[in-house]
Structures are given as C-alpha cells and as structure tokens.
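Visitor: Below is the sequence, then the predicted model.
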Amino acid sequence: MAGGRMSLDSLGWKTNKRRGDCCCRENMIALRNIIIEMKPEYSANLYNNQPPKSCHVNDMDNRCPKCYHYKQARKFILYIHYLTLCFLFIV
C-alpha cells in the first residue's frame with residue numbers, strides 16, 4: 001500500500017480530491033479490457049489499513065485524511081471484482 005500512497009500523494013489529493021478521482025477513473029477505463037488477477041495481498045492490505053471507526057467507511061464521497069487511501073484502494077479492488085465477474089459471464 002506504500003506505493004499506492006505515494007502515487008496518490010503525488011497527485012496532491014489534500015488540496016484537490018477530484019484530481020485523484022479523475023486519475024482513478026482514467027485507470028479504470030484503461031484497465032477495462034485487461035484481466036487483473038486478484039491477489040490475496042490486495043485484500044490483506046485493505047484489511048490492515050482500515051480507517052478508524054469514526055470514519056464513514058461506506059460513504060465513498062466523504063473522505064478525510066484518515067480514510068482517503070483506504071477508500072481509493074477499496075474502489076480499485078471493487079473494480080477488479082467487477083471486471084472478474086464480467087469476464088466470467090462472457091466466457
């Protein structure tokens with residue numbers, strides 16, 4: 001998750017969260033035709049980096065510095081699951 005944090009931090013998300021959202025959306029568009037293997041490390045990192053209970057984990061639009069990285073990683077993992085399910089239905 002450290003590499004992902006550095007990438008997100010380089011986008012300047014603390015001043016402009018929309019920039020990170022646009023980058024995430026562009027990555028998802030670029031990856032839509034690629035099969036991505038869901039590695040156990042992805043789920044483990046997500047579990048180990050959960051924000052405090054005071055953060056609203058299911059409210060993806062409300063992101064504070066404590067939960068921003070977690071929610072961005074969660075979006076990516078949910079997208080991988082979505083792509084995997086789509087591929088299973090096509091085959």
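Guide: Sure, I can see it.

Visitor: going forward, measure contacts and count neighbours with C-alpha atoms only.
Guide: OK.

Visitor: so what's the most centrally placed residue in the chain closest to, chain neighbours aside?
Guide: Taking CA atoms, centre = their mean as the criterion, A73 is the residue nearest the geometric centre of the chain, at 2.6 Å. Nearest-residue entry for A73: L46, 7.0 Å, with adjacent residues in sequence omitted and distances by CA to CA, 6 or more residues apart in numbering.

Visitor: now K71
Guide: The spatially closest residue to K71, leaving aside those adjacent along the chain, is M60, at 6.6 Å (CA to CA, 6+ apart).

Visitor: got the phi/psi numbers for that neighbour?
Guide: Torsion angles at M60 (phi, psi; degrees, to the nearest 10) stand at phi -70, psi -20.

Visitor: N33 too?
Guide: Dihedral angles of N33 (phi, psi; degrees, to the nearest 10) stand at phi -100, psi 10.

Visitor: now do the one 10 residues further on
Guide: Note on S43: its backbone torsions stand at phi -70, psi -40 [degrees, to the nearest 10].

Visitor: That one: what's it in contact with?
Guide: Contacts for S43 (CA atoms under 8 Å, 6 or more residues apart in numbering) come out as I77.

Visitor: Same check on A44?
Guide: Counted by CA under 8 Å, 6+ apart, A44 has zero contacts.

Visitor: Please report how far it lies from I77.
Guide: From A44 over to I77 the distance is 11 Å, taken as CA to CA, to the nearest Å.

Visitor: swap in N16?
Guide: N16 is 22 Å from I77, by CA to CA.

Visitor: The two: which is more packed in?
Guide: More crowded of N16 and I77, by other CA atoms under 10 Å: I77, with 17 against 10.

Visitor: which SS class is the more buried one?
Guide: Reducing the assignment at I77 to three states with DSSP: H, G, I helix; E, B strand; the rest coil gives helix.
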